[in-house]
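1. no sequence on this one, just coordinates:
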């Protein structure tokens, strides 16, 4: 019966990194889909479901944990904000299918930047408990990826002025905005990394 009294200390940051790994798989599939591989749409959806499973496991362990390597609220928020990234990618694929639109070169380039940014977030999570400077540097790198997305977004939007069909303009504008908002989701995760580091130090 002694085990009843042992503190429960799950590897919460390990689960957070695992969620990031699955998110990277999904964002890589999203980038491949954006480049032109239509068959990767299902891979995006599958990764999103797997990431949800990891997120739920993390939340369950977080509730039961006796102690946590970071503030419990920060771990929860990082997981939730990361979840929003892959959800947004899945929704972008769904929206494109509804509009019968296939990503152009601008969207493909933006998706590659987004996938790269997700890798930096994973690196930030992995460093949170041991190297605050590395964690914040990785968060900064993720934000630089978002800045690239923002520049591509502005350039793509300016080219819509050359299109006369209003319905086509509206469709492309919506897709460009979706990808830009995906970048903003990355920034929200990175900013929470900064906040968590500040609280711990």
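-> Thanks, I have it. Everything numeric in this text was worked out from a predicted model, so none of it was measured.
2. for residue 130, helix, strand, or coil?
-> At residue 130, secondary structure determined by DSSP: H, G, I helix; E, B strand; the rest coil is coil.
3. residues in contact with it?
-> For residue 130, the contact set (Cβ atoms under 8 Å, 6 or more residues apart in numbering) is empty. In this view, the C-beta of every residue, glycine as well, is placed from N, C-alpha and C.
4. From residue 68, how far out is it?
-> Separation of residue 130 from residue 68 (Cβ to Cβ, to the nearest Å) stands at 15 Å.
5. can you tell me which helix in this protein is longest?
-> The longest helix of the chain (DSSP state H) is helix 166-200.
6. That one: how far from the chain's middle?
-> When C-alpha coordinates are averaged (Cα atoms, centre = their mean, to the nearest Å), helix 166-200 and its chain have centres 9 Å apart.
7. do the same with stretch 139-151
-> 12 Å.
8. Phi and psi next, for residue 104.
-> Main-chain dihedrals, residue 104, degrees, to the nearest 10: phi -90, psi -170.
9. Around it, how many other residues sit close by?
-> Using other Cβ atoms under 10 Å, residue 104 has 15 neighbouring residues.
10. cool, the one 4 residues further on as well?
-> Other residues within reach of residue 108, judged by other Cβ under 10 Å, total 18.
11. And it, how close does it get to residue 97?
-> Look at residue 108 and residue 97: by Cβ to Cβ, they are 17 Å apart.
12. List the contacts of the spatially most central residue of the chain.
-> A centroid search over the chain (Cα atoms, centre = their mean) returns residue 85, at 3.4 Å, as the residue closest to the centre. Applying Cβ under 8 Å, 6+ apart, one finds that residue 85 lies in contact with 23, 27, 114, 118, 182, 185-186, 189.
13. does it sit in a helix or strand, and which one?
-> Applying DSSP states H and E as the criterion places residue 85 in helix 72-99.
14. between that helix and helix 166-200, how big is the angle?
-> Helix 72-99 and helix 166-200 are oriented at 170 degrees to each other (axes from the mean of the first three to the mean of the last three Cα atoms, to 10 degrees).
15. Beyond helix 72-99, next helix or strand please.
-> helix 105-127.
16. Now find how far off-centre the very next helix or strand once past that next one is within its chain.
-> Using DSSP H and E, the helix or strand that follows helix 105-127 in sequence is helix 132-159. Here helix 132-159 is found 13 Å from its chain centre; the criterion is Cα atoms, centre = their mean.
17. ok, now which ones touch the closest residue to residue 75 other than its chain neighbours?
-> Excluding the flanking residues, the one nearest residue 75 by Cβ to Cβ, 6 or more residues apart in numbering is residue 12, at 5.5 Å. Residues near residue 12 by Cβ under 8 Å, 6+ apart: 58, 61-62, 65, 68-70, 75.
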